[in-house]
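[1] Predicted model and sequence below, questions to follow.
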Number of protein chains: 2
Amino acid sequence: MKRAIVVMMFLTGIHHAALTAGMSDSLSTPGAVARRFREAGLRDCEAYDLLSQLTRNAGLRLSGSPGSEAAIRLTFSMMKKRGFDAVRVESLMVPRWVRGPVEEALILKSGKRKAKSLAVCALGGSIGTPKGGITAAVVEVRSFDELRALGDRAKGKIVFFNRPMDPTLLNTFEAYGGAVDQRGSGAVEAAKAGAVAALVRSVTLARDNVPHTGAMHYDAAVPKAPAAAVGTLDANLISALLRKGENVVIRLRLSCETLPDAPSGNVLGQITGWEKPDEVIVVGGHLDSWDKGTGAHDDGSGCMQAIEVLNLFKKLNMRPRRTIRAVMFMNEENGNRGGKAYPKAPGRAHERQIAAIESDAGGFAPRGLSVEADSLVFERVLRWRPLFASLNAGDIVRGGSGVDIDPLVKGGTAGIGVIVENHRYFDYHHSANDTIDKVNPRELEMGAIVQALLCYLISEEGLAVEPASGR
Amino acid sequence: MKRAIVVMMFLTGIHHAALTAGMSDSLSTPGAVARRFREAGLRDCEAYDLLSQLTRNAGLRLSGSPGSEAAIRLTFSMMKKRGFDAVRVESLMVPRWVRGPVEEALILKSGKRKAKSLAVCALGGSIGTPKGGITAAVVEVRSFDELRALGDRAKGKIVFFNRPMDPTLLNTFEAYGGAVDQRGSGAVEAAKAGAVAALVRSVTLARDNVPHTGAMHYDAAVPKAPAAAVGTLDANLISALLRKGENVVIRLRLSCETLPDAPSGNVLGQITGWEKPDEVIVVGGHLDSWDKGTGAHDDGSGCMQAIEVLNLFKKLNMRPRRTIRAVMFMNEENGNRGGKAYPKAPGRAHERQIAAIESDAGGFAPRGLSVEADSLVFERVLRWRPLFASLNAGDIVRGGSGVDIDPLVKGGTAGIGVIVENHRYFDYHHSANDTIDKVNPRELEMGAIVQALLCYLISEEGLAVEPASGR
């Protein structure tokens, strides 16, 4: 009987595999599936319970840290417990940077002005300062061009990069993109100008004194200078003092250092496709986080949503046509070793990675999908728009997908990123404020539901689009 | 020269009045105006600063309370300071309910089970209990039908209404609508069944012990029973005890009472239209709040956005063709006296209220507009969709608009409500958690920006749609 229905549906062009694999409602349409995901997901909001476990039991998860190891064990066991297939860790080596106990910056006393402690933190990857710190006058710039124009005047100074994120932009990721060069390359540019350290305005729209860390890099051809972020209120204060013509001298002390690479891994689990087990849809996030908050939004959310996607299939007793694989990528924040290792891992040789989905913009209400793929693939996703619109996530655009899945995308896999309501994201991002109390259980779950639907549709219908017939 | 441009644009069908009234960019299109509102709004997020003042200086603002009076004075002065036209208070009388110092519920000790204090608060409008409280056994129901089916078994009891909001619905307002009858009519239905009090599960999706108040009503033909809300965790606890077959006896003590009506008022300010001053676009929220939090989302947000709408016009030196009027309505929560008074106020006789816009769903990121008007008006708003989509608020649907503006809508004014991302709203609504730390400055501002654009478009283009020519 079941087989007869399948054949009939195949002939009539309705061939959603879920129907053939244990779903009780044999008249399910994609719209009905979207509804079932929504109801099953929102009823329990399990992604939030998973995220509570992760943030409580693993905490901060910088690559190579004890927290990152705990997170590998925990997510392995979460997936095992839920009966996922082929749960495993794929080993890799990761950079190991540690903050150490000391990070402080002090504006020294000057005339009647008292000394003032600043809200700072080392940027990830920075070298430390000598034990006694680095003491130097501060020079403020808003761009690398401005720094270069200073000529010799930056020599021996601490360069203070103070260009804010542009608050007038609607998309905070665009505003972030317009400011983050100071964090990434500030130390190199400062050293090129003969400066002794870089102090960078936290890359955030928040007006507070919670410093935001994040990756910075060095250039082998340029001396290494230590780099720290400063809270936006203190950044404004330094700027105000300089504008008044004061000589601002800061003593910066950082104990951070880079240790030898450490063993780590990506964690994988899947529901193997009943028809095309070797065609894989990756749904993932990055398991590592910065070491200030507990990476609840960045990117505990994306990881727990990936597990919840598979969990929703299990709950609804749905077996997909193609393999859906949750991947907890390691080391997105400071090296992307996990993202780079995944496509090269031994298991990949006999598989086709047809799509990779990433949620790494925070666990906020989803608004749509950003498709990084060929035009015909984009057209295919666009046809599903009404289904996503029924979940309030109908903004389907072309754009970037995710850092972890970028190596897959470069290899031809269709990349799809989740677009979320992002006004709040950079208030928390890479700071002590990225904690679970900033996550709403329903918003987080909706992200999982949207990704479950996307996995379902790709699994059932594929991403290939037939060439249009000549009309 | 200016006049010549106006004439030319009129002839060519481009006739946006902003161009004629001080805007420097004489090539402004509606899209450019949307961008200017966005940039001017997001740069300073002034709505948030206004809301800080309101919540700090007026605090809770239940109709007739000292806080509500402070809010009237404060918003009057906010609008005066910003140079709005015709700033005034339109007087009216409001119900005056006070909570008083006592609200407590205790599950009495029974056998080995210790007494347990419950997280409760009186519902707005409830009578108090006798000083010594009301002590009675609890009977749980999930609907009025279930209560009626109990027959005599509710007699002398406290009826515990425990139907939760349906978490599986995407729209939390829909879920609220499916549960709020218990709060509004629970006391009447309980009394009809011979019960002595009503205890209602807080109408929220949050799992905590913060009780949520809100309006309830009595029926002149039925004895009055006191009514209180209980936190959802304690509601679950009571239910679990009853399921175990325990006899749950509660002592409820409430000191609330209704005092004589008190003088109050709606606060109005406007930018008078340069061409059609008597055609009025109302943009408003309700200034009163419940008395637990400080009504930051409900509806301090809507009020401050309305002031910010006019503020944005001022900032950009734009004078609208029609009058745009910010109205702080009083008493939405327990009587809607302000909403009812506005259309009848003496000033209205010589005006046409062509549209009324309300934001009363929280100061979250706007997603679109809900239009309560004739089909042709809806079509007109729908044509503006790309403009609102450029502000991430392109969901234009037919639906309800707002309680305050309902009397206007009933009189033929087009009503438009702001749709927001609402997953978090009922976590805070009518509870001690409705405070400004739950509001994001950018999300709040975006609501003001969307309403400013809507006011602009209605002001410039009107809402009348020409009848289609026979084709």
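    Happy to help now that I have it. Since the structure is predicted, the reported quantities are computational estimates derived from the model, not experimental observations. Numbers count the residues shown, from 1 in each chain, chains lettered A, B, ... in the order given.
[2] Just the element for the closest residue to chain B within the stretch 151-300 of chain A, please.
    Nearest residue of the stretch 151-300 of chain A to chain B (C-beta to the nearest C-beta) works out as A:Thr168 at 4.1 Å. Using the backbone N, CA and C atoms, a C-beta is placed for each residue, glycine as well. If you go by DSSP states H and E, A:Thr168 is not part of any helix or strand.
[3] That one contacts B:Glu39, doesn't it?
    Yes - between A:Thr168 and B:Glu39 there is a contact at 4.1 Å, judged by C-beta atoms under 8 Å.
[4] hmm, back to that, ok, the residue of the stretch 151-300 of chain A closest to chain B - how many residues close by?
    Here the count is done by other C-beta atoms under 10 Å in any protein chain shown, and A:Thr168 has 15 residues near it.
[5] give the contact list for it.
    Contact partners of A:Thr168, counting by C-beta atoms under 8 Å, 6 or more residues apart in numbering or on different chains, are B:Arg38, B:Glu39, B:Leu42, B:Arg43.
[6] Could you dump those residues into TSV with secondary structure, distance to A:Val98 and pLDDT added?
    Shown next, in TSV, are the contacts of A:Thr168 (DSSP: H, G, I helix; E, B strand; the rest coil; distance: C-beta to C-beta, whole Å; pLDDT from 0 to 100):
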residue	secondary structure	distance to A:Val98	pLDDT
B:Arg38	helix	42	98
B:Glu39	helix	42	98
B:Leu42	helix	38	98
B:Arg43	helix	39	98
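[7] among those residues, which are in reach of chain A?
    B:Arg38, B:Glu39, B:Leu42, B:Arg43 (C-beta under 8 Å from any C-beta of the partner chain).
[8] and the residue of the stretch 251-400 of chain A found nearest chain B, how many neighbours?
    In the stretch 251-400 of chain A, the residue that lies nearest chain B is A:Ala365 (5.0 Å; C-beta to the nearest C-beta). By other C-beta under 10 Å, 24 other residues sit near A:Ala365.
[9] Look up phi and psi at it.
    phi -60, psi 130 (degrees, to the nearest 10).
[10] which residues sit in contact with it?
    Neighbours of A:Ala365 in contact, by C-beta under 8 Å, 6+ apart: A:Asn392, A:Val420, A:Glu421, A:Asn440, A:Glu443, A:Met446, A:Gly447, B:Glu421, B:His423.
[11] switch the cut-off to 10 Å
    A:392-393, A:420-422, A:440, A:442-444, A:446-447, A:450, B:364-365, B:367, B:421-424 (C-beta atoms under 10 Å, 6 or more residues apart in numbering or on different chains).
[12] Let's see which of those residues end up in helices.
    Among the contacts of A:Ala365, DSSP state H puts A:Arg442, A:Glu443, A:Leu444, A:Met446, A:Gly447, A:Val450 in helices.
[13] which of these are buried?
    Among the ones in helices among the contacts of A:Ala365, those classed as buried by 16 or more other C-beta atoms under 10 Å in any protein chain shown are A:Arg442, A:Glu443, A:Leu444, A:Met446, A:Gly447, A:Val450.
[14] Out of those, which is nearest to A:Ala345?
    Using C-beta to C-beta, A:Gly447 comes nearest to A:Ala345 of these, at 26.3 Å.
[15] in the stretch 101-250 of chain A, which spans are strands?
    Assigned strands in the stretch 101-250 of chain A, in chain order: A:103-107, A:116-118, A:120-122, A:134-141, A:158-161, A:197-201, A:227-230, A:249-254 (criterion: DSSP state E, counting those that start in this stretch).
[16] from those, which stretch is densest packed?
    Compared across the strands of the stretch 101-250 of chain A, strand A:227-230 shows the largest average neighbour count, a mean of 30 (mean count of other C-beta atoms under 10 Å in any protein chain shown).
[17] Alpha carbons of that one, as PDB, please.
    Listed next in PDB are the C-alpha coordinates belonging to strand A:227-230 (Å, rounded to 0.1, in the frame of the first residue of the first chain):
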ATOM      1  CA  ALA A 227      46.600  45.400  20.500                       C
ATOM      2  CA  ALA A 228      43.600  45.900  22.800                       C
ATOM      3  CA  ALA A 229      40.000  47.000  22.500                       C
ATOM      4  CA  VAL A 230      38.500  49.700  24.600                       C
END
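[18] Remind me what that strand packs against, helices and strands.
    Applying 3 or more C-beta pairs under 10 Å, 6 or more residues apart in numbering or on different chains; DSSP states H and E, we find strand A:227-230 packed against strand A:103-107, strand A:120-122, strand A:158-161, helix A:181-192, strand A:197-201, helix A:232-243, strand A:249-254.
[19] roughly how far apart are A:Arg383 and B:Arg385?
    21 Å (C-beta to C-beta, to the nearest Å).
[20] same check, this time on A:Ser431
    Distance from A:Ser431 to B:Arg385, counting by C-beta to C-beta: 37 Å.
[21] These two: which has the busier surroundings?
    A:Ser431 (26 against 15).
[22] Check whether the more buried one really touches A:Ser289, as I assumed.
    No - in this structure A:Ser431 lies outside contact range of A:Ser289 using C-beta atoms under 10 Å: 11.2 Å.
[23] Mind listing the shared neighbours of the two?
    A:Asp298.
[24] Just send the strands of the stretch 101-250 of chain A back as CSV, with distance to B:Leu252 and mean pLDDT too.
    Formatted as CSV, the strands of the stretch 101-250 of chain A follow (distance: least, C-beta to C-beta, whole Å; pLDDT from 0 to 100):
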stretch, distance to B:Leu252, mean pLDDT
strand A:103-107, 54, 98
strand A:116-118, 52, 98
strand A:120-122, 51, 98
strand A:134-141, 63, 98
strand A:158-161, 61, 98
strand A:197-201, 55, 98
strand A:227-230, 54, 98
strand A:249-254, 59, 98
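[25] Quick one: closest of these to B:Ser239.
    strand A:120-122 (47.0 Å).
[26] who does that closest one touch, helix- and strand-wise?
    Counting contacts by 3+ C-beta pairs under 10 Å, 6+ apart, strand A:120-122 is packed against strand A:103-107, strand A:227-230, strand A:249-254.
[27] Helix, strand, or coil at A:Pro71?
    For the record, residue A:71 is Ala, not Pro. For A:Ala71, the assignment made with DSSP: H, G, I helix; E, B strand; the rest coil gives helix.
[28] so how far is A:Thr129 from it?
    Counting by C-beta to C-beta, the gap from A:Ala71 to A:Thr129 is 30 Å.
[29] how much space between the spatially most central residue of chain A and A:Val33?
    Closest residue to the average C-alpha location of chain A: A:Asp360 at 3.3 Å, with C-alpha atoms, centre = their mean. Distance of A:Asp360 to A:Val33, computed by C-beta to C-beta: 25 Å.
[30] Thanks a lot, see you next time.
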